[in-house]
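> turn this into a model:
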Amino acid sequence: MQGNSGFAKKLLPSGLKVLVEEIPYVRSVAVGVWVAVGSRYEKEDDQGVSHFIEHLLFKGTSNRSSQEIAETIDNLGGHLCGATSRGYTFFYAHVLDERLGLVLELIGDMLLHSVFDPQELELERQVVLEEIKTVEDSPEEYIHDMLSEVIWPKSSLGRPILGTTETISRLARDHICRYFGNFYHPENFILTVAGRTSIDQVAEQAERYFPTRPKIVGQAATFSKPEFCWQTVRQARDLEQVHLCLGLRGLRQAHEKRFAGFLLNTILGNGNSSRLFQEVREKRGLVYTIYSGSEAYRDTGMSVVYASCSPDSYQEVIDIILAELGKLREQRVGEEELQRAKNQLKASITLGMESTLSIMITQTKYEFYFGRRFSLDEILKQIDQVTAREILELAQKIFQEEQATLITLGPVKEKFSL
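This next block holds a predicted model:
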């Protein structure tokens, strides 16, 4: 790709925040509307309502039936999807630039004029219940939900995004409508477009399709900062492998040391040259899958290591993981290894920024968590400035064995230890 691009931001009278990354040398637009409410804003008795609403918005408005919504999506010639996280819910599309007006009209219709038809609601309730079963049948997905629940037992962050069979089964239509009315209004949205368009074009259509909507006084979008709980949990299940997750402290989204955190994760377990992959899989052949990652929120974060292995070797795998964490706490990373991690991270970010969809998602997250845009050059510079000493100090702070939660899922018969 080549040519000029530009970024612009505008706040509309309705309260809708509009971000546009103009990329005139492409022939498509990536469109996203982010709603500043996710599963961590839910109460204990309405777990899963954010995700349920995400489904229901595709099931009919005052202007379209569910079939007409599906036909409109197909007529776009691209795709339109929804997703729910703990911090937000978002709807995104990737279409030809000439379809921008149609996709904005459709998303605006879904987000502001859904009717929650009782028959469609009951049908979709069954779909969500099946989705919950699908996650429960997937050990790798399920154990990550388990980890959040165990490490944050008193917080909404510890609850599954999909909710539970019990909470979804009893969610009443009036409760869903009230939740929708509280949170689904333009003041709570961020609209982001990346591609062949302009801020004036997007703002003009956004004012038409996302008009001012009065807020319903009721449930506030609030949450409390979660407290960590450190323990070991064993859940027996008839599986061929033992799946294990280790959770430790992490960094919040806007932490000043976040780039050191990204590099620390890259060195530990992100990629084929990472320490965990090399030591556990390549040198010893104990696993097929092992990796590290992180979960970051406005106020907290968690570092995670996942692996699956034979029932005969899970304790050895745990011991190696802990040993690698210890090395990162005790010894500075060598310059060659640090530079390799920097190259890997910079390449991943740079290549991602060549996709309009990735640009749209990235710029929205920056606005959501930082209230500003970061240029690619600024990001790459911050990565280059991270030192081995910063990584050592961060590892000493967050990789502490006395502040760790370990979960195993599978045929574990003997007691394991940290």
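
> tell me the SS of Thr222?
Assigned by DSSP: H, G, I helix; E, B strand; the rest coil, the conformation of Thr222 is coil.

> would you confirm that it contacts Tyr41?
Yes - here Thr222 lies in contact with Tyr41, judged by C-beta atoms under 8 Å, at a distance of 7.2 Å. (Glycine included, C-beta is placed from N, CA and C.)

> for stretch 86-99, which positions count as buried?
Applying a neighbour-count criterion of 16 or more other C-beta atoms under 10 Å, one finds 86-97, 99 buried in stretch 86-99.

> tabulate the CA atom coordinates of it in PDB.
This file holds the C-alpha atoms of stretch 86-99, laid out as PDB (Å, rounded to 0.1, in the frame of the first residue of the first chain):
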ATOM      1  CA  ARG A  86     -15.700  -7.800  29.400                       C
ATOM      2  CA  GLY A  87     -15.100  -4.100  28.800                       C
ATOM      3  CA  TYR A  88     -17.200  -3.400  25.700                       C
ATOM      4  CA  THR A  89     -19.500  -4.700  23.000                       C
ATOM      5  CA  PHE A  90     -18.800  -3.900  19.300                       C
ATOM      6  CA  PHE A  91     -20.200  -4.400  15.900                       C
ATOM      7  CA  TYR A  92     -18.000  -4.200  12.800                       C
ATOM      8  CA  ALA A  93     -18.200  -4.500   9.100                       C
ATOM      9  CA  HIS A  94     -15.800  -4.600   6.100                       C
ATOM     10  CA  VAL A  95     -17.400  -3.500   2.900                       C
ATOM     11  CA  LEU A  96     -16.700  -1.600  -0.400                       C
ATOM     12  CA  ASP A  97     -16.500   2.100   0.200                       C
ATOM     13  CA  GLU A  98     -19.600   2.700  -1.900                       C
ATOM     14  CA  ARG A  99     -21.600   0.700   0.700                       C
END
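
> what is the mean pLDDT for it?
Average pLDDT, stretch 86-99: 95.

> and if you look at stretch 202-209?
On average, stretch 202-209 scores 97.

> same check on stretch 178-197?
Per-region confidence: stretch 178-197 scores 95 on mean pLDDT.

> ditto for stretch 60-79
For stretch 60-79, mean pLDDT is 92.

> now what about it, what contacts it?
28, 58-59, 80, 93-96, 99, 102-103, 106, 109-110, 113-117, 120 (C-beta atoms under 8 Å, 6 or more residues apart in numbering).

> identify all contacting residues around stretch 103-120.
Residues contacting stretch 103-120 (C-beta under 8 Å, 6+ apart): 29, 31, 33, 35, 56-64, 66, 69, 72-73, 76, 78, 80, 91, 93, 95, 173, 176-177, 180, 184-186, 189, 191, 202, 205-206, 208-211, 213.

> report the buried residues of it.
Buried residues in stretch 103-120 (16+ other C-beta under 10 Å): 103-112, 114-117, 120.

> take these and keep only those in strands.
Judged by DSSP state E, strands contain none of these.

> just these now: which is nearest Arg237?
Closest approach to Arg237 among those (C-beta to C-beta): Glu120, at 34.9 Å.

> check contacts around Ile359.
Ile359 neighbours (C-beta under 8 Å, 6+ apart): Glu21, Ile23, Ala30, Ala194, Met353.

> which of the three states applies to it?
Classification of Ile359 using three-state DSSP returns helix.

> okay, it: pLDDT?
Ile359 is given a pLDDT of 94.

> measure stretch 147-165 end to end?
19 Å (C-alpha to C-alpha, to the nearest Å).

> ok, and for it, which residues are buried?
147-152, 155-163.
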